[in-house]
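> Could you look at this predicted model? Sequence included:
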Amino acid sequence: MDQFTFTDNAKKIFLGMILIGILAIVYGVVDSDISGHRIWVSALINGWFFFGIAIIGTFFLAVNSAAQAAWGVVMQRVFEAVSLFVPIGALLLILVFLASTFHLNHIYHWMDPEAAAHDPIIAGKRAYLNLPFWWTRALIFLGVWTGITLWFRKKSLREDAEGGTKWYKKSMMMSAIFLVFFGFTSMVASWDWLMSIDVHWFSTLYGWYVFSGIWISGMVTVILLINWLKSRGYLPNVNASHIHDMGKWIFAISFLWTYLFFSQFMLIWYSNIPEEVAYFIPRMQDYTIPFWGMVMVNFVVPMLFLMSKTTKRNRKLLSIVSVIIFFGHWLDVYFLVTPGTMQNNGSVGFVELGMMIGYLGLFLFVVFRALAQAPLTVRNHPLMEESLHHHIN
Amino acid sequence: MVKEAEVRTPLILGKDITYHQITEDVCQPVEGKAGRLWWLIFSVAVVLALWGVGMIMYTIGRGIGVWGLNNTVDWAWDITNFVWWVGIGHAGTLISAVLLLFRQKWRMAINRAAEAMTIFAVIMAALFPAIHMGRIWLAYFVFPIPNQFGSLWVNFNSPLLWDVFAISTYFSISLVFWYIGLIPDFATIRDRAVKPMAKRVYSMLSFGWTGNAKAWVRFEEVSLVLAGLATPLVFSVHSIVSMDFATSVIPGWHTTIFPPYFVAGAIFSGFAMVQTLLLVVRKVLHFEHYITIQHIELMNIIIIVTGSMVGVAYLSELFISWYSGVEYESYAFINRFSGPYAWAYWIMMSCNVISPQVMWIKKLRTSLTFSFFLSIVVNTGMWFERFVIIVTSLHRDYIPSNWSMFHPTFVDIGIFLGTLGLFFTLFLGFTRVFPVLALNELKSILKSSGEAYRGKEDHHENAPSHDAAA
């Protein structure tokens, strides 16, 4: 059972999900009450959410490789498959950026040539927020991230075929390069693509906060895929200890995310400076229950359920918690984008849900195809033996 | 337990290292006599410590007016030293707790000394807020005490109070963690002791440890539980220290990245201090088999990673201060890198951001001399980071007629040198009476990660069926 088959049934389901997404877009276009803007807002939310999940696949591969961690080796192919959505995710983000540039939506107010003329704050940011520079950054970031992701996959397949420690050493080097580059650029990307929506507002912690959000979303996606594959009899080498460790990661990163949310929120709330609280006031006043609900769910659910070892080792419970966190963090991305673009008119209707289902369908289609393209266990990894015997209490 | 992959470098070097040899090597400094070099350094440290105590007495006697503080710069070296020492106190618990959770076996050679360093550094840190109170005999009012003491109650809204809780919790947990780890090692020393006095003292210290299987099981359980408790504390302490500044509305202090950036900086400076101490300990106490070049290299890698995080945080602060379009915010940073304290800013930048980057070169990060040199550079840089944050943000505030400079007096300098002396006095004392390496924990990895067992087929240890069943 080392070769995964992407069944026709699964293909049909995913294509059906994509169709729902397309229907949601068509519905949005046809219904004159719904502005095209709302569709693009949804495209940015889902585009960032699923792209973020994918790039975390690459990030985690790089972390494991740079830290010479053995335990993840038996799951490496799942992380790779998730990361292979990066190129498509990047294209979907570029689509939103193009639409914003050509004023098909009004996500980035500063892109409006009139904006700077009437707004001295935006005018002051012109040296950084201008289309040529902004696009250069976006294309370099997305290009390099995609390139390194594809390199990791190529290396992994070459290692299967050739053996030896050559690729192991090379990937340690590439991982270090990627981590340095990603560590800096992920922060800048979050300023460019998300923070500049609320163009007057600024927060130095924003980049790390956004990063911790995609990190947890990526990890729960991987654990859900692993649990599903195991329930189908795949991945026999992934034992309870591997699952336990994945559970620990989810527990830990949920705390990290909460810690960063709290740090950013509390410092702004405590100082109560008008320029800064302007970000949280709409979120707290117009979206009170969903906003605080999102924070509580993303903190309390993993804390309560994943505290005990039993849950972390129980695939069913771990999956339930992961699904809750998955939607919880989708909602987090929703609140990164919506209040700045839709003001207090944001809603979750057929357009939003349908588009999320469509993006999810596409994401799963790509990931499943990638899973089927190579054996589910890597061969010839020098740390394989350690990973197979991974055992913790 | 399965043998480690061949691609890994052994953690315990030496083909003839046995369990007994580990005991001999670790107990030798405790059982033997101190050398001349030790006495020399110890005497210097004691003299400095006494000088510091004298300066503290002088401060308490005359009031904090003897420091260089003025109306504008009302926090300076005292809080700089406080934050610097607390930061240093982060590495020990990170090594013992976080690296334990990550099952990093290399931590076992360095955790004991690093935890000792943590405890001593936190004591040094706690000294500064205490003497800064002026009337230290009323220090108990920092705790929420019953109304019988008077109706004055602590201000729960103040981050300074959160500091009291965070640091005292951190100190207690670190102490307990350190002590629990010491118990089996004290028992080993007790069992070997020949002098009746030593035997009696180490029996008391080892709490009647017998070393049976049940005791070990509980030992490991407790270590894990404490690691779970200590990990959030590693984050919380320096986050809360950062909130002393970040909850204010002073440009240069109020910025949201402060909590995680202070934590990264603390780990950065803590590892630099561990590096400084262990490179000397390794040489003087002959621990080359246990604290290997690989250990030094891994610590250097942690220094690069955390140093780069600190660098990213500096740059993002600088960028956002411009991006914000807030005049005061931008000025605070322009003043930092081009104002009268620019020299301090550039010392900070070159020591903390630029110099650790040379560690990308493998030759340098595996060189002992260079690692020692760089660890001193980082320690210096991190002191200046706190000085820059505190003094340059204060010395030019909203009203230009209030602008002033800070000039340290001999008392400021004396107290700082005194804490260095006291710290080294304690640490040097530790190396003579405590087992400096966690000898019983080291034994647990000898077979899986020791060079002596490399390549030897050991069927009992290597049986995979046991793990597969689990």
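Ah, there it is. Residues are numbered from 1 along each chain as shown, chains lettered A, B, ... in the order given.
> any low-confidence regions in the chain?
By default, I'm working from chain A. Within chain A, the stretches with pLDDT under 70 are A:1, A:393.
> sorry, should have said chain B
B:1-3, B:456-470.
> near chain A, which residues of it show up?
Proximity of chain B to chain A is assessed by CB under 8 Å from any CB of the partner chain, with B:2, B:4-8, B:101, B:103, B:232, B:235, B:239, B:243, B:246-249, B:254-260, B:308-309, B:312-313, B:316-317, B:320, B:323-326, B:464, B:466-468, B:470 identified as the residues in range. The way it works is simple: take the backbone N, C-alpha and C, and place the C-beta from them, glycine included.
> So which of those belong to helices?
Helix and strand membership here follows DSSP state H; of the residues of chain B next to chain A, those in helices are B:101, B:232, B:235, B:239, B:243, B:246, B:258-260, B:308-309, B:312-313, B:316-317, B:320, B:323, B:466-468.
> what about the residue nearest to residue B:117 when sequence neighbours are not counted, neighbour count?
Nearest residue to residue B:117 in three dimensions, chain neighbours excluded: residue B:92, at 5.6 Å (CB to CB, 6 or more residues apart in numbering or on different chains). If you count neighbours by other CB atoms under 10 Å in any protein chain shown, residue B:92 ends up with 30.
> Can you verify my assumption that residue B:92 contacts residue B:122?
No - using CB atoms under 8 Å, residue B:92 is not in contact with residue B:122, being 9.0 Å away.
> Quickly list what's touching both of those two.
By CB atoms under 8 Å, 6 or more residues apart in numbering or on different chains, residue B:92 and residue B:122 have these common neighbours: residue B:174.
> ok so, going back, just the buried members of the residues of chain B next to chain A?
Buried by 16 or more other CB atoms under 10 Å in any protein chain shown: B:2, B:4-5, B:8, B:235, B:239, B:243, B:246-248, B:254-260, B:308-309, B:312-313, B:316-317, B:320, B:323-326, out of the residues of chain B next to chain A.
> got the contact list for residue 265?
Since you didn't name a chain, this refers to chain A. Residue A:265 makes contacts with residue A:280, as judged by CB under 8 Å, 6+ apart.
> Hmm, no, I was thinking of chain B.
Counting by CB under 8 Å, 6+ apart, residue B:265 has contacts B:87, B:238, B:306, B:310, B:313, B:352, B:382, B:385.
> which parts of whatever helix or strand it lives in are buried?
Element membership for residue B:265, per DSSP states H and E: helix B:258-284. For helix B:258-284, a neighbour-count test (16+ other CB under 10 Å) marks B:258-282, B:284 as buried.
> Kindly report the same for stretch B:72-91.
For stretch B:72-91, a neighbour-count test (16+ other CB under 10 Å) marks B:72-73, B:75-91 as buried.
> picking up where we left off before, residues in contact with the helix or strand the residue nearest to residue B:117 falls within?
Taking DSSP H and E as the criterion, residue B:92 maps to helix B:91-93. Among residues not part of helix B:91-93, those counted as contacts by CB under 8 Å, 6+ apart are B:111, B:114-119, B:121, B:170, B:173-174, B:177-178, B:230, B:233-234, B:267, B:269-271, B:273-274.
> got it, and stretch B:404-424?
Contacting residues not belonging to stretch B:404-424 are listed as B:41-42, B:44-56, B:58-59, B:66-73, B:76-78, B:81, B:85, B:120-121, B:124, B:127, B:131, B:340, B:391, B:395 [CB under 8 Å, 6+ apart].
> What subset of those is buried?
Buried subset of the contacts of stretch B:404-424 (neighbour count, 16+ other CB under 10 Å): B:42, B:45-46, B:48-49, B:52, B:55-56, B:59, B:66-69, B:72-73, B:76-78, B:81, B:85, B:120-121, B:124, B:127, B:131, B:391, B:395.
> Keep only those of those that are in helices.
Assignment to helices by DSSP H places the following of the buried ones among the contacts of stretch B:404-424 there: B:42, B:45-46, B:48-49, B:52, B:55-56, B:59, B:77-78, B:81, B:85, B:120-121, B:124, B:127, B:131, B:395.
> In contact with the nearest residue to residue B:162 once chain neighbours are set aside, which residues?
Using CB to CB, 6+ apart and skipping the chain neighbours, the partner closest in space to residue B:162 is residue B:240 (4.7 Å). With contact set as CB under 8 Å, 6+ apart, residue B:240 has these partners: B:159, B:162, B:163, B:166.
> and if we set it to 10 Å?
Residue B:240 makes contact with B:86, B:159-167, B:170, B:259, B:262 under the criterion CB atoms under 10 Å, 6 or more residues apart in numbering or on different chains.
> So which residues on the stretch 201-350 of chain A come close to chain B?
Contact residues (CB under 10 Å from any CB of the partner chain) of the stretch 201-350 of chain A with chain B: A:201-209, A:212, A:236-237, A:239-241, A:245, A:248, A:252, A:255-256, A:259-260, A:262-273, A:275-276, A:307.
> same thing but at 8 Å, please
Selection of the stretch 201-350 of chain A residues close to chain B by CB under 8 Å from any CB yields A:202-208, A:239-241, A:248, A:255, A:259-260, A:263-264, A:266-268, A:270-271, A:273, A:275.
> Would you mind writing the PyMOL command to select the buried ones in those residues?
This is how PyMOL selects the buried members of those, with burial counted by 16+ other CB under 10 Å:
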select buried, chain A and resi 202+203+204+205+206+207+208+239+240+241+248+255+259+260+263+264+266+267+268+270+271
